[in-house]
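A.B. asks: Fold the following.
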Amino acid sequence: MKRNGKRKGSTLIEFTLVAVPMIFALISAFEIARGMWIYGTIANAVKEGVRFAIVKGSDCSAAPNACSARISDIAARIHNMGPGLLPSEMNVTFTSDSGSISCRMDSCLTTTTVWPPAGDNAKGQQLQILAKYPFRSAIVMFWPGAGRPVTVGTVNLAASSQEVVQF
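C.D. replies: Residues are numbered from 1 along each chain as shown. From the prediction side, this is the model:
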């Protein structure tokens, strides 16, 4: 069987037309999965931080008990429950009835402020923790001008949890 000389490069062109979108779809699927993992990790870590805080209320810190929590204790719990999350990237806000305290996770780990504060640690009081973490997507490499740093692919993922002080 004789081959037609005019069709020599068609396989390469067809491969290119199919491979580029397939590579983009593959990277996109991995990036969506990575984003979902990061969000799920943040949500779980914040939930565990609030659960840790709600059992450290006024009854817990009354004599002879000495189990009140500091921001560093709660931040350590969040950090331990969020494997793979960089403390220098995460911003955390602790909210009670008297106000909010915001800090970056690496500085929260060294803050010795008692939280929830007196008056806000009574049984039935609302506590909330909000965490924000930037998600930088690898899809940015397909963005025009990606040779220089761009912020187009950054999305701040936020997760919060709210509970009532138990005792």
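A.B. asks: Please count neighbours and contacts with C-alpha atoms only from this point.
C.D. replies: Fine.
A.B. asks: what's in contact with stretch 114-132?
C.D. replies: 42, 46, 49-50, 53-54, 56-59, 68-71, 90-98, 156-167 (C-alpha atoms under 8 Å, 6 or more residues apart in numbering).
A.B. asks: Just the helices from this protein, written as ranges.
C.D. replies: Ranges of helices in the chain, per DSSP state H, are 10-54, 58-61, 71-81, 105-108.
A.B. asks: The first one vs helix 71-81, what angle?
C.D. replies: On the basis of axes from the mean of the first three to the mean of the last three C-alpha atoms, to 10 degrees, helix 10-54 is oriented at 140 degrees to helix 71-81.
A.B. asks: so where's this structure shaky on pLDDT?
C.D. replies: For the chain, residues meeting the criterion pLDDT under 70 lie at 1-8, 61-65, 141-153.
A.B. asks: Now residue 115: phi and psi?
C.D. replies: Main-chain torsions, residue 115, degrees, to the nearest 10: phi -140, psi 130.
A.B. asks: How many residues are close by it?
C.D. replies: Neighbourhood size, residue 115 [other C-alpha atoms under 10 Å]: 23.
A.B. asks: related to what we said a few turns ago, mind giving me CSV with the helices of the chain and columns for distance to residue 130 and mean neighbour count?
C.D. replies: Shown next, in CSV, are the helices of the chain (distance: least, C-alpha to C-alpha, whole Å; neighbours: other C-alpha atoms under 10 Å):
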stretch, distance to residue 130, mean neighbour count
helix 10-54, 7, 16
helix 58-61, 22, 18
helix 71-81, 11, 21
helix 105-108, 12, 20
